[in-house]
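**Q** With the input below, show me the fold.
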Amino acid sequence: MKKMIVLALAVVASASFCTVDAKKKKKEVVEQPVVVPVELKTSSDSVSYAAGMAITNGLLPFLKQQHGIDSASIGLFLKSFEEVINAGESTEAKARIAGVEIANQVRSRMFTGISGEFKDSPDSIEADLFYRGFIDAMKQDSTYFKQSVAEEYFKQKQEADKIAKEEKLYGPNRDAGIKFLRENALKDSVITTASGLQYKVLVKGEGEVPQTTDKVLVNYEGRLVDGTVFDASKKHGDKPASFRADQVIKGWTEALTMMPVGSKWRLFIPQELAYGERNMGNIKPYSALIFDVELVGIDKPKTEEPAQEAKPAAKKTAKKGKK
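**A** Predicted coordinates for the structure are as follows:
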């Protein structure tokens with residue numbers, strides 16, 4: 001009896017395993033989509049088909065580089081593509097497509113931009129709560145914030161965190177400039193103007209003083225207060241730099257419109273008369289700057305000389321011969 005029971009259990013188990021194996025094999029079979037043969041009967045058919053193929057030029061590398069889609073995932077890409085194409089103009093299809101497009105924009109652009117803006121600030125942007133706030137706003141869920149309150153709160157935190165971030169990153173740089181200019185103002189031959197610009201005359205010129213709209217020719221070298229050279233006219237060729245006196249930083253414009261041609265001055269420019277909060281690569285925000293500036297000349301447009309009036313030819317009087 002025991003042998004019969006064991007044998008029966010073995011048969012049932014065997015049947016069960018066979019069923020499971022059969023189900024596994026059945027699951028592994030992926031139904032292939034029915035491919036409808038293409039018939040190109042007319043010239044329009046051919047050019048339409050060719051146009052569709054032509055616009056895919058470069059698409060595969062683009063999908064791989066921009067979206068991380070490899071050749072193994074092309075089938076899923078095409079399935080989604082066909083779903084969108086076949087959905088037509090229904091409201092449901094439009095909503096689905098818009099959801100995907102907006103989600104990609106929010107994730108790749110807006111979230112990336114805002115989270116980067118808050119980097120190194122007292123606050124940070126958490127992805128899950130960022131997206132949840134987006135979704136709740138679209139549902140008009142005001143459990144935590146009304147739309148207007150959320151906007152105002154975010155604006156205030158954005159401004160406050162920007163100030164705190166700049167203070168953390170660039171406060172020491174600003175303070176170093178202030179200290180340098182305070183000490184520099186006490187040195188002999190350094191003149192300080194009402195705006196805070198400081199300058200020292202190295203060579204006294206005797207030429208014309210430019211107006212703000214004049215185009216000037218200058219040789220220059222720019223340094224940070226620690227002595228680091230960040231730019232010089234000689235780096236851009238042998239000729240002097242040329243620009244209008246009012247198309248440069250405020251400290252330069254003020255100095256150029258006081259310098260006679262032939263002068264060479266050393267300028268000590270506070271950050272507010274330079275680039276201020278702007279990050280200019282080698283020049284950090286709130287940097288005080290030092291420039292040696294030589295005013296070579298003023299590039300005035302040549303005026304054409306007025307044309308001289310042509311003098312009428314002298315009339316010859318014919319002498320009448322005597323008859």
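
**Q** List the residues that contact the nearest residue in space to residue 212 that is not next to it in sequence.
**A** Computed as C-beta to C-beta, 6 or more residues apart in numbering, the closest residue to residue 212 that is not its neighbour in sequence is residue 246, at 4.2 Å. Yep, even glycine has a C-beta here, placed from its N, CA and C like the rest. Applying C-beta atoms under 8 Å, 6 or more residues apart in numbering, we find residue 246 in contact with 212-213, 253.

**Q** Let's see if you can find the most crowded of those.
**A** Using other C-beta atoms under 10 Å as the neighbour criterion, residue 253 leads the contacts of residue 246 with 18 neighbours.

**Q** Which pLDDT does the model give that residue?
**A** We have a pLDDT of 97 for residue 253.

**Q** Helix or strand: which one has it?
**A** helix 250-256 (DSSP states H and E).

**Q** Strands along the stretch 151-300 of the chain, start to end?
**A** 191-192, 198-203, 215-224, 229-232, 241-244, 264-269, 289-298 (DSSP state E, counting those that start in this stretch).

**Q** which one of those has the most crowded surroundings?
**A** Comparing these by mean neighbour count (mean count of other C-beta atoms under 10 Å), strand 264-269 comes out on top with a mean of 22.

**Q** Would you point out the helix or strand in this structure whose mean pLDDT is lowest?
**A** helix 2-28 (a mean of 40; mean pLDDT, DSSP states H and E).

**Q** Name the next helix or strand downstream of that one, please.
**A** Downstream of helix 2-28 (by DSSP H and E), the next one is helix 43-54.

**Q** just checking, what packs against the next helix or strand after that following helix?
**A** Using DSSP H and E, the next helix or strand after helix 43-54 towards the C-terminus is helix 59-67. If you count contacts as 3 or more C-beta pairs under 8 Å, 6 or more residues apart in numbering; DSSP states H and E, helix 59-67 packs onto helix 74-87.

**Q** one more time with 6 Å, if that's ok
**A** The contact analysis (3 or more C-beta pairs under 6 Å, 6 or more residues apart in numbering; DSSP states H and E) places helix 59-67 against no helix or strand.

**Q** Return the angle between stretch directions for that helix and helix 74-87.
**A** Calculated by axes from the mean of the first three to the mean of the last three C-alpha atoms, to 10 degrees, helix 59-67 forms an angle of 100 degrees with helix 74-87.

**Q** Pull the residues that contact helix 59-67.
**A** When contacts are defined by C-beta atoms under 6 Å, 6 or more residues apart in numbering, helix 59-67 is touched by residues residue 69.

**Q** Point out where the protein drops to low pLDDT.
**A** Residue ranges of the chain with pLDDT under 70: 1-34, 303-323.

**Q** Would you list the phi and psi of the residue most central in space within it?
**A** The chain has residue 113 as the residue nearest its centroid, 10.9 Å off, counting by C-alpha atoms, centre = their mean. With angles defined as degrees, to the nearest 10, residue 113 sits at phi -70, psi -50.

**Q** Next, find the distance separating it from residue 119.
**A** Going from residue 113 to residue 119 by C-beta to C-beta, to the nearest Å gives 11 Å.

**Q** dump the residue contacts of the closest residue to residue 261 other than its chain neighbours.
**A** Once flanking residues are discounted, residue 261 sits nearest to residue 207: 2.8 Å by C-beta to C-beta, 6+ apart. Applying C-beta under 6 Å, 6+ apart to residue 207 gives the contacts 260-262.

**Q** mind running it again at 8 Å?
**A** 260-263, 295, 297.

**Q** So which elements touch the helix holding residue 253?
**A** strand 264-269, strand 289-298.

**Q** do that again at 10 Å, thanks
**A** strand 198-203, strand 215-224, strand 241-244, strand 264-269, strand 289-298 (3 or more C-beta pairs under 10 Å, 6 or more residues apart in numbering; DSSP states H and E).

**Q** Present those strands as a markdown table; the columns should include distance to residue 281.
**A** Formatted as a markdown table, the helices and strands packed on helix 250-256 follow (distance: least, C-beta to C-beta, whole Å):
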| stretch | distance to residue 281 |
| --- | --- |
| strand 198-203 | 24 |
| strand 215-224 | 12 |
| strand 241-244 | 18 |
| strand 264-269 | 17 |
| strand 289-298 | 13 |
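
**Q** so which of the ones you listed gets nearest residue 235?
**A** Closest to residue 235 of those is strand 215-224 (C-beta to C-beta; 9.2 Å).

**Q** That closest one: how far from the chain's middle?
**A** Strand 215-224 sits 27 Å away from the centroid of its parent chain (C-alpha atoms, centre = their mean, to the nearest Å).

**Q** Okay, angle between the longest helix along the chain and strand 198-203 too, please.
**A** Longest helix in the chain, counting residues (DSSP state H): helix 147-184. Orientation of helix 147-184 against strand 198-203 (the same axes, to 10 degrees) gives an angle of 40 degrees.
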